[in-house]
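Student: sequence unavailable; structure follows:
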């Protein structure tokens with residue numbers, strides 16, 4: 001799927017979603033709170049996976065991608081870490097934990113292929129989390145989500161190229 005098709009689909013999603021009412025908690029709606037939780041979890045899982053790639057991969061393209069992605073996720077996480085969602089500290093989902101455990105057992109080209117294929121899927125999913133957060137808004141959360149959606153799309157494009165070169 002090329003970039004323009006993905007953006008068309010993303011913006012179609014924006015227009016199809018209904019607006020959310022505010023819950024009153026720091027001015028955040030339930031939709032906003034869910035976004036922040038999903039974004040934090042995706043960022044944390046992405047950071048952990050990138051750390052594995054930096055330490056386990058011997059492929060310079062994979063390592064460079066992982067370092068850049070880790071920087072992006074750390075930057076994104078730093079910007080939303082102080083938003084109070086009314087829940088305890090962030091954690092990684094069981095499915096992400098399982099993925100990280102499996103990834104940690106791989107080595108060499110098997111690791112590189114598994115990591116890059118998973119990050120291709122993860123960056124696409126993460127971008128959709130950000131696009132969903134932009135629906136029906138024109139505020140700082142929208143601006144934050146839009147900025148990071150563009151960056152994540154760039155990483156998705158890079159992941160496609162690297163993944164294709166690993167086959």
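Tutor: All right, it came through fine. What you see is a predicted model; the values in this text were computed from it and never measured.
Student: wait, is residue 150 part of a helix?
Tutor: Yes - counting by DSSP: H, G, I helix; E, B strand; the rest coil, one finds residue 150 located in a helix.
Student: now do it against residue 141, distance only.
Tutor: According to CB to CB, to the nearest Å, residue 150 and residue 141 sit 15 Å apart. No exception for glycine: its C-beta is placed from N, CA and C like everyone else's.
Student: these two: who's more crowded?
Tutor: residue 141 (20 against 12; other CB atoms under 10 Å).
Student: what segments of the protein are helices?
Tutor: Here the chain has its helices, by DSSP state H, at 3-16, 30-56, 60-80, 94-104, 108-134, 140-166.
Student: turn those into CSV, columns for mean pLDDT.
Tutor: Shown next, in CSV, are these (pLDDT from 0 to 100):
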stretch, mean pLDDT
helix 3-16, 43
helix 30-56, 88
helix 60-80, 91
helix 94-104, 92
helix 108-134, 88
helix 140-166, 87
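Student: quick one: pLDDT of residue 89?
Tutor: What the model reports for residue 89 is a pLDDT of 58.
Student: repeat that for the one 4 residues further on.
Tutor: Model confidence at residue 93, given as pLDDT, is 86.
Student: how close does it sit to residue 161?
Tutor: Taking CB to CB, one finds residue 93 at 28 Å from residue 161.
Student: can you point out the buried residues in stretch 69-80?
Tutor: By neighbour count with 16 or more other CB atoms under 10 Å, stretch 69-80 contains the buried residues 69, 70, 72, 73, 76, 77, 80.
Student: next one: stretch 113-128
Tutor: Applying 16+ other CB under 10 Å to stretch 113-128 flags 113-116, 118-120, 122-124, 126-128 as buried.
Student: which of those residues sits closest to residue 102?
Tutor: Residue 102 has its nearest neighbour among the buried residues of stretch 113-128 in residue 114, at 7.5 Å by CB to CB.
Student: wait, the closest one sits on residue 103?
Tutor: Yes - counting by CB atoms under 8 Å, residue 103 is a contact partner of residue 114 at 5.9 Å.
Student: OK, contacts around residue 134?
Tutor: 14, 142, 145, 146, 149 (CB atoms under 8 Å, 6 or more residues apart in numbering).
Student: what's the burial count for the last one?
Tutor: If I follow you right, that is residue 149. 21.
Student: again with the third one
Tutor: When neighbours are defined as other CB under 10 Å, residue 145 has 24 of them.
Student: do the same with the second one
Tutor: Residue crowding around residue 142 was assessed by other CB under 10 Å; the count is 15.
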